[in-house]
Every structure is written in C-alpha cells, then in structure tokens.
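Trainee: For reference, the sequence and a predicted model appear below.
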Amino acid sequence: MGDKVTEKEERKSGPFLIAFSAVFLGLLAGGILMAAIGENPFEAYMYMFKGSLMNMERIGNSLATSMTLLFTGLAFAFAYKTGLFNIGCSGQMLAGGLTATIVAHYVFLPRPIYFIVLILSAIAGGSVWAAIPGYLKAKFNVHEVVSSIMMNWIAYWSIYYFIPAYLKGPSLETESSSIAVAQSLRSSFLTKIFSGSEYVNSSIFIAIIVIILVQYCLKKTTLGYELKAVGANKSCAEYAGINVNRSVILSMTISGGLAGLAGLAYYTGYSLNMQIGVMPSQGFDGIAVALLGASTPVGVLLASIFFGILQSGKGFMNAMTTVPPEIADTIISVIIYFTATSVLFQKLWNGWFHKMHEKQEVKNEAAAGMAAQEAE
Amino acid sequence: MWTLLTQIFPYVIAYTIPMLITSLGGLYSERSGVTNLGLEGLMLSGYFATAFFIKLTENYMGHNTCIMFGLVAGMICGMIFASLHAFASITLKADQVISGTAINMLAAAITVYAARMITGSGNIPILMGIVRNDIPILSRIPVLGPLLFARSYWSTWLALAIWGFSFWLLYKTSFGLRLLACGEHPSAVESAGVNVHAMRYFGVLMSGALSGLGGGIMLVTYSGEFNGSVAGLGFLAIAALIFGQWKPLGILGATFFFGFFTTLANVSQVIPALGAIPTVLFKVFPYVVTLIALVFSSRHMSAPAANGIPY
C-alpha cells in the first residue's frame, strides 16, 4: 500500500513565482490607474503590446529599448551578487556614453578596430565612474549607495556643462550634435531584418556575448566564485583567504563597465546624441530588471525584454487612448516595490502550498484508510 | 562684496529651506533606524500635491489660506507615500534601499501621470506664490537685518520653527530620546517597554510629512509650477544629512552650505568676480565635498548604529 501513496514534498515559492506575482500586481496597479481615468484597461494594454510587437519594425524598436535595460540590469545584478548596491548605474551610463560619443565624433579607424575602440571606451568610462565608489568602499568603508548617488550627480552636472561647451549640436543648446550613422552601432543588416526599424542596432550582438561572458564568469571562474563568496558572507570569505577589498573594487569596476555599455547602446546606438539635463532612468530601471530577474543573466534578459516591451509600447498606447505614457514607469516602479516586499508573497504562497499539502495528506490518509478497510 | 551678499542671500535662503526641511525629515527616519533613500520621491509627491491643491482652490480662497492648506496637502501626500516605505521596511522587513528606490520611481511616474491628466502638459502652474516681505523691525538691524530679515518668505520662518521644535523634541523629551535610541539599539529600547515598530513608523511618516512640506515650500517660493522633477534636491538633502552627521545643527549648516554654493553656481555667470570660474565647479562642489567628508568621517562616523537594519 505504501508504494501507492507517494509522499510529495511540500512546494516552496521560487524566484519565478515571486517575479510573476510582482509583475501581475504591477500590471493590475497599472490597470486600476487606467480605469481611474475612465479608460478600458484591457484595450489600453492591447494597444501597448500592439505598439511594441505589432510588426517586425516595432519588435526591432522594442529590442533596441530592451538592450539598454539589459546592460543596466546586468550591471546592477553583477554588483548585487557581491553584496554591493550599485545605484550609480545612471551616472556610469552617462560616463560611458560620453566617452563613446567622443570617440564616435573624433576617432576614425578601419571597421573592426573602430568598434573595438568604441566598445572599450564605453567600458572604460563606466568602469572609472564605478571604481571610485568601489575604492572608497574598500579603502574607507564609505557606503557605496551614497557615494554612487554623489557620482551620479557629478556626472549629470559635468555633462550639463561639457556638452554645450565641446559637443554642441547645430540647432539646440540642450543636446550634442548627432554622431554619423556610419560611426554608430546602427546596422543596415539588422534594419533590413527588422523591416526598417531605425533604432535596432549591433548592441544586440554585444549583449549576447556579454550575457555569455557574465554567466561564464559567475559560474566557472575563480573570480566569479570569489565575488559571490564575498557577497554571501564577507567575513567568511576573508577567513577563507579571499581579498575582500580587491573583490569589492573589481566587482564595482566590472559592474560600471556593464553600465558603460548601456551608455554605448543608448547614446551611440539608440539615440545618436546626448541630451543634457536628463538623468537616464534606465539606470534605476536596471535595478528593477535585475531584481525581477533574480540577478541571473538569463532572468535579467527576460526581464529586460518585458520592460522593453512596456517602455516601447507606451507611445502607441498614448496615441490610441488618453492614457499618459508615464503608465509604463508606474508599472515598473510598482513591480520593483513588490519585488522589494517579496517576503509577503513568499509567506502567502508558502502558506497556500502548505494548505494544499495538508489537504493532499488528509486525502491520502483517507484513501489509505479506505484501502485498508477493503482489504479486510 | 557686501552688496553681492545682500543680493544673493535671499536666494540662498530660499534654496536652502526646502532642502533643510527635507533633510530634517530624513533625520527623523534614519535616527529611528530606517534608511530613507526615497526623500526625492517624497519631496516630489509634496511638490505635486501642493500644486494640485492650490490649482483647485486658488480662485475660491484667500491667497495665504490657499497656500497654507496646499502645504498641508503636500505633507499628507508625502505621508501616504512614506507609509508605503514604512510598511515595506518596518512591517515586512524588506530591503530599505530597494524600497526607497521604488518610492522615488513611483512618485516620479505617478505624479506626472496625474499631472498630465489634469493639465494635459504635465506641468501645473500656480497663479502666485508667497510674497516676500521685510520683517518690520528686525530687518533694520545692521548687518543681520538685510541678510536674514529683508525680503523673506513666511514659510522660511515656519521651517525654522519646525527645525527648532524638532531639536527640542528629539533631544529634550523622553519621546525623542526613545526615538533616537531606536536607531542605535532597538532591542534595548524594546526591553524597556517601548514599541520599536511604532516609533519607527512615526519616524518614517514624519520624514514623509516634512519632505512633502519641503516640496511644497519649493513650489510656493521659487519654483511657481510643478514640472515633474525636484532636480535632485532630495538626494542633496540625503547628502546634507550625512555631511551634517545626522544632527539638527549639522544639517542646518550642511544645507546652508549646499544652498550657498548652488546659488553661487546659478548667479556666477552674471558676477564678474566669479565669471572666470567654470560654473560646473560650483554645481559639482556639494557632491564632491560630501564624498570627501564621507572619506574623512568614515573612521568616526556618527551614523545611527541600527540604521538600515530591520527589527
């Protein structure tokens, strides 16, 4: 009889279930806000998804939007694995974007070499901007959240004055002159595939390589193991002979390099120029992307595509209904709030699983009793 | 030099006050043990609610009454957003940095969303802010008079009164001392029979009310319209909180220092003596100084010991 009634393990809520719950509540909150202004939420959401996925061109645009979020998400996730909270992705993205924009304006080299220089310049800009908070954390125990917020605003104001002074556009004081398309990441090959999508660019290829590299680094290398060990337990890692200070600086530097690539993808691929007086929100959205994706490269990829769809469909939705485009940011911020409070779902789901499990056990016992009676 | 000072001083004060009151809000929250990175968002929510309320009522109410109620609306709105942060970080023991970041993003998105529904453009202009007045007798005092009491807003005195009251509340009453103790050693406070969660809720809600007031004051003094962003003033308030070492007098000095340099940056182009210095240096100065201060104070940092640790 015992072989008939198999004991099932009680289920626990995993990262996927929590992410799903947060997304569901985010979309629900968005729907309530849409209904509050007298719009039909289902219709509005339909337009939003149509706007980002209706045809190949729009899919290409959504992918281009996703790539920036993917890089900031990876940047945040990488530092988060080492126990660091890199809230400075925006500033690092600005720094990397600026160095890449300068290279795109002034450096002319044969093709493959040019792209390597361009990519390296963006990584360098972002890395330097993140290495400073990393160094301050390792050397002086200055909290990285505060110092990277300061670095964000230093980047913001530096660019506010640097661009009008050295890279001023022909018409507007508030943006840099556009870089030549040939010097950008845009590719006619991709544009053809995505039937005329203007924004889709080679950052997709860079992204694929980077995801594989990050995954490999975290899973298979000593460096990745050390960084994760520091994140899991600092004193334990130190006791095991890992140089914690070095790990902190390295982790921030790599994270900054990834954020710099976000600047590359956005300023030399998506938009072709830099505007002043804008703190790129992608840096903060990256936090949501990383948390939703449970800080794993594949999770980050999925989350960034989802957020890219929200962000790039909002324009079409705004054109077809009266819902303001800020609804996308509202949904994203509700999602990040609910990932922060994931304890709530964990309890809720685990409680529910527990109940189901108990019910199942009661049933099993009853079945066993019945079987025993029959046997008699 | 003297005329320059008397000319820019009213602007320095106008710029300092919203930052001071927001920073004071942060002080309540962090001294009670809850890190609050959401000051920017809380400020923005107050900025919006004040503008919205004044827009609705400015044609039906007296000028100053309308502004006063508008500021109260800003405080209430700030408290609503702060209660989200309090619930997440106190009751659910969530990551306070993430929750604070979520508050910033949520406030930025939802206020502009609402503003677009109201005016179409996302900006909410108000007809008239607070009128600057010379304080009758005090403004005649030599030296200090023209600097502090000439052309001042009544909101400035309100903010300073709240600052003074907070000083008294936190350091001279048993309630305040318990609040401070919650940020240092919560389990000791709990064993003395004080409800740590309730105290922390008070701290965070207070930060919402004061940041909301800060945003509101910004609107009715120098801004004059809601435009969807407080331009990093909330983050500057956090910097001032750290630079001022989590002490009321410290943050008064720090916010004034930041206000002074930001004003200098804004006017440096029209003042010959300062024109030679690139404006960007004034703008990044507060942030660089905070970084340096963090480096130097890290050894004997007086941050609340239990700040950021859920209880």
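Mentor: Noted; the coordinates are in hand.

Trainee: burial measure for A:A366, as a count.
Mentor: 10 (other C-beta atoms under 10 Å in any protein chain shown). Just so you know, the C-beta spots here come from the backbone N, C-alpha and C atoms, and that holds for glycine as well.

Trainee: What pLDDT is listed against it?
Mentor: A:A366 is assigned 87 on the pLDDT scale.

Trainee: and the strand or helix carrying it, what other elements does it pack with?
Mentor: Using DSSP states H and E, A:A366 sits within helix A:342-375. Applying 3 or more C-beta pairs under 8 Å, 6 or more residues apart in numbering or on different chains; DSSP states H and E, we find helix A:342-375 packed against helix A:15-36.

Trainee: Report the buried residues of the helix or strand following the helix it packs on.
Mentor: Downstream of helix A:15-36, the next assigned helix or strand under DSSP H and E is helix A:41-53. Residues of helix A:41-53 classed as buried: A:P41, A:A44, A:Y45, A:Y47, A:M48, A:F49, A:G51, A:S52 (neighbour count, 16 or more other C-beta atoms under 10 Å in any protein chain shown).

Trainee: Contacts only, for the fourth one.
Mentor: Yep, that's A:Y47 we're talking about. When contacts are counted by C-beta atoms under 8 Å, 6 or more residues apart in numbering or on different chains, A:Y47 touches A:G313, A:F316, A:M317, A:M320, A:T321.

Trainee: among those, which ones are buried?
Mentor: Taking 16+ other C-beta under 10 Å as the criterion, what is buried in these is A:G313, A:F316, A:M317, A:T321.

Trainee: Quick check: which element contains the third one?
Mentor: It stands for A:M317. Assigned by DSSP H and E, A:M317 belongs to helix A:297-320.

Trainee: Contacts (any at all) between chain B and that helix?
Mentor: No: Helix A:297-320 lies apart from chain B when judged by C-beta under 8 Å from any C-beta of the partner chain; the minimum separation is 9.4 Å.

Trainee: what's the pLDDT at A:T6?
Mentor: 49.

Trainee: Number of residues surrounding B:A198?
Mentor: 11.

Trainee: what mean pLDDT does the biggest helix by length in chain B have?
Mentor: In chain B, taking DSSP state H as the definition, the longest helix is helix B:2-31. Computed over helix B:2-31, the mean pLDDT rounds to 88.

Trainee: Show me what secondary structure element comes after it.
Mentor: Scanning forward in sequence from helix B:2-31 by DSSP H and E, the next helix or strand is helix B:39-57.

Trainee: Any chance you could give me that next one in CSV, C-alpha atoms only?
Mentor: This file holds the C-alpha atoms of helix B:39-57, laid out as CSV (Å, rounded to 0.1, in the frame of the first residue of the first chain):
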residue,chain,number,x,y,z
LEU,B,39,13.4,61.6,0.1
GLU,B,40,13.5,62.7,-3.6
GLY,B,41,10.2,60.9,-4.3
LEU,B,42,8.6,62.0,-1.1
MET,B,43,9.5,65.6,-1.8
LEU,B,44,8.2,65.3,-5.4
SER,B,45,4.9,64.0,-4.1
GLY,B,46,4.5,67.0,-1.8
TYR,B,47,5.5,69.3,-4.7
PHE,B,48,2.7,67.8,-6.8
ALA,B,49,0.0,67.7,-4.1
THR,B,50,0.6,71.3,-3.1
ALA,B,51,0.5,72.4,-6.7
PHE,B,52,-2.7,70.4,-7.4
PHE,B,53,-4.5,71.7,-4.3
ILE,B,54,-3.6,75.3,-5.0
LYS,B,55,-4.6,74.9,-8.6
LEU,B,56,-8.0,73.6,-7.5
THR,B,57,-8.7,76.2,-4.9
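
Trainee: now check it, is it near chain A?
Mentor: No: Helix B:39-57 stays clear of chain A (C-beta under 8 Å from any C-beta), getting no nearer than 9.0 Å.

Trainee: buried set for that helix?
Mentor: For helix B:39-57, burial by neighbour count (16+ other C-beta under 10 Å) applies to B:39-55, B:57.

Trainee: Tell me the helices and strands packed up against it.
Mentor: The contact analysis (3+ C-beta pairs under 8 Å, 6+ apart) places helix B:39-57 against helix B:2-31, helix B:63-86, helix B:96-119, strand B:124-125, helix B:196-218, strand B:225-226, helix B:233-243.

Trainee: So is the very next helix or strand once past the last one next to chain A?
Mentor: Heading C-terminal from helix B:233-243, the first helix or strand you meet, by DSSP H and E, is helix B:248-267. No: for helix B:248-267, no contact with chain A is found by C-beta under 8 Å from any C-beta; the gap never falls below 8.7 Å.

Trainee: Quick check: residues of the stretch 101-250 of chain A near chain B?
Mentor: Contacts of the stretch 101-250 of chain A with chain B, taken as C-beta under 8 Å from any C-beta, map to A:136, A:140-143, A:145-147, A:149-154, A:156-158, A:160-162.

Trainee: redo that, cut-off 10 Å
Mentor: Where the stretch 101-250 of chain A comes near chain B, counting by C-beta under 10 Å from any C-beta of the partner chain, the residues are A:132-133, A:136-137, A:139-143, A:145-147, A:149-162, A:165.

Trainee: about what we covered before: any buried residues in the helix holding A:A366, and which?
Mentor: Buried residues in helix A:342-375 (16+ other C-beta under 10 Å): A:S342, A:V343, A:L344, A:F345, A:Q346, A:W349.

Trainee: how about the nearest residue to the second one, chain neighbours excluded?
Mentor: What it means is A:V343. Distances taken as C-beta to C-beta, 6 or more residues apart in numbering or on different chains place B:L92 nearest to A:V343, at 5.1 Å, with adjacent residues excluded.

Trainee: neighbours of the one you found, just the number please.
Mentor: Neighbours of B:L92 using other C-beta under 10 Å come to 17.

Trainee: Surely it touches A:A340?
Mentor: Yes: assessed by C-beta atoms under 10 Å, B:L92 is found in contact with A:A340 at 8.4 Å.

Trainee: intersection of neighbour lists for those two?
Mentor: B:S99 (C-beta atoms under 10 Å, 6 or more residues apart in numbering or on different chains).

Trainee: What residue in chain B is the furthest from its centre?
Mentor: Here the centre of chain B is the reference, and by C-alpha atoms, centre = their mean the most remote residue is B:S191, at 33.2 Å.

Trainee: Relative to B:P304, how far out is that residue?
Mentor: Distance of B:S191 to B:P304, computed by C-beta to C-beta, to the nearest Å: 18 Å.

Trainee: now swap in A:L70 and tell me
Mentor: A:L70 is 37 Å from B:P304, where distance means C-beta to C-beta.

Trainee: out of the two, which sits in the more crowded spot?
Mentor: In terms of neighbours (other C-beta under 10 Å), A:L70 is the more surrounded of A:L70 and B:P304; the figures are 34 against 21.

Trainee: the inter-axis angle of the helix or strand where that one lies versus helix A:297-320?
Mentor: Assigned by DSSP H and E, A:L70 belongs to helix A:56-81. Relative orientation of helix A:56-81 versus helix A:297-320 (axes from the mean of the first three to the mean of the last three C-alpha atoms, to 10 degrees): 140 degrees.

Trainee: Restrict stretch A:247-259 to CA atoms and write it as PDB.
Mentor: Output of stretch A:247-259 as PDB, limited to C-alpha atoms (Å, rounded to 0.1, in the frame of the first residue of the first chain):
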ATOM      1  CA  SER A 247      36.800  41.900  -4.800                       C
ATOM      2  CA  VAL A 248      34.700  44.900  -3.900                       C
ATOM      3  CA  ILE A 249      36.700  47.200  -6.200                       C
ATOM      4  CA  LEU A 250      36.700  44.600  -9.000                       C
ATOM      5  CA  SER A 251      33.100  43.900  -8.800                       C
ATOM      6  CA  MET A 252      32.200  47.600  -8.900                       C
ATOM      7  CA  THR A 253      34.500  48.200 -11.800                       C
ATOM      8  CA  ILE A 254      33.000  45.400 -13.800                       C
ATOM      9  CA  SER A 255      29.500  46.500 -12.900                       C
ATOM     10  CA  GLY A 256      30.400  50.000 -14.100                       C
ATOM     11  CA  GLY A 257      31.800  48.700 -17.300                       C
ATOM     12  CA  LEU A 258      28.500  46.900 -18.000                       C
ATOM     13  CA  ALA A 259      26.600  50.200 -17.200                       C
END
